[in-house]
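> return atomic coordinates for the entry below.
(2 chains)
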Amino acid sequence: DTAVSQTPKYLVTQMGNDKSIKCEQNLGHDTMYWYKQDSKKFLKIMFSYNNKELIINETVPNRFSPKSPDKAHLNLHINSLELGDSAVYFCASSLGQGAQQPQHFGDGTRLSIL
Amino acid sequence: DAKTTQPPSMDCAEGRAANLPCNHSTISGNEYVYWYRQIHSQGPQYIIHGLKNNETNEMASLIITEDRKSSTLILPHATLRDTAVYYCIVRGKNTGFQKLVFGTGTRLLVSP
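Residues are numbered from 1 along each chain as shown, chains lettered A, B, ... in the order given. From the prediction side, this is the model:
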């Protein structure tokens, strides 16, 4: 009965590779997000989608491309991985975009670039 | 660009109430106060949020001062599993209402 699930949980890959992280929510929410937590533990938003439409893109490099095939899924594809991409990536979802709607997070994907 | 100030760390004895303070002196009238926590190696967990009134749910209570410039999260009977980093976040139109802006939080250590 996991609400927000991400796969894979761990991802170890070489610099220069392309990889994808998948996120699914079974809460019936309309809005989904990607956050990045770096090695210093700072959590920062990357993208947000509402009803499959991109509403936030926080100056993330073009190598990162989110895709929302439907309201329940938001995937993150990363091209030409760099050492600095090593981080924990969290997916989240909320009922709507409004500030009164709590966001609920998955348990993260730990990406390590060799 | 977090709009909140929290102590970096706090200790609490198991079974006692944990009172975590947060200052948000520049909060605007339409901004909410949110609390999340992150237990080691897990995703941020939503705890509670409020606008003006005090709020209570099964996890915690949120006390917001009348001028809304500060708030306190209360865990009434802390357990060892409450050891985590607690984030106080202001969210609304001025902060980009769709997103949560996390600061450095308060690391709460609950001891036996």
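
> ok now stretch A:33-43, how far from the chain's centre?
10 Å (CA atoms, centre = their mean, to the nearest Å).

> okay, buried residues for it please.
Using 16 or more other CB atoms under 10 Å in any protein chain shown as the test for burial, stretch A:33-43 gives A:33-37, A:43. Glycine gets a C-beta too; all of them are placed from N, C-alpha and C.

> contact partners of stretch B:16-23?
Residues outside stretch B:16-23 that contact it (CB atoms under 8 Å, 6 or more residues apart in numbering or on different chains): B:4-7, B:10, B:12, B:33, B:35, B:69-78, B:82, B:86, B:88, B:106, B:108, B:110.

> please pick the buried ones from those residues.
With burial judged by 16+ other CB under 10 Å, the buried subset of these is B:4, B:6, B:10, B:12, B:33, B:35, B:70-75, B:78, B:82, B:86, B:88, B:106, B:108, B:110.

> contacting residues around the spatially closest residue to B:H77 that is not a sequence neighbour?
Leaving out its chain neighbours, the residue that sits closest to B:H77 by CB to CB, 6 or more residues apart in numbering or on different chains is B:G15, at 5.8 Å. The contact partners of B:G15, by CB under 8 Å, 6+ apart, come to B:77-79.

> roughly how far does B:G15 sit from chain A?
Counting by CB to the nearest CB, to the nearest Å, the gap from B:G15 to chain A is 28 Å.

> where does that residue sit: helix, strand or coil?
Of the three states, B:G15 takes coil under DSSP: H, G, I helix; E, B strand; the rest coil.

> any idea of the pLDDT on it?
B:G15 is assigned 97 on the pLDDT scale.

> now do B:E66
95.

> tally of neighbours for it?
B:E66 is flanked by 6 other residues according to other CB atoms under 10 Å in any protein chain shown.

> doesn't it belong to a helix?
No: the assignment for B:E66, made by three-state DSSP, is coil rather than a helix.

> any weak-confidence spans in chain A?
Scanning chain A for pLDDT under 70 picks out A:1-2.

> so which residue is smack in the middle of it?
Centroid-nearest residue in chain A, with CA atoms, centre = their mean: A:W34, separated by 3.0 Å.

> and the gap between it and A:I21?
8 Å (CB to CB, to the nearest Å).
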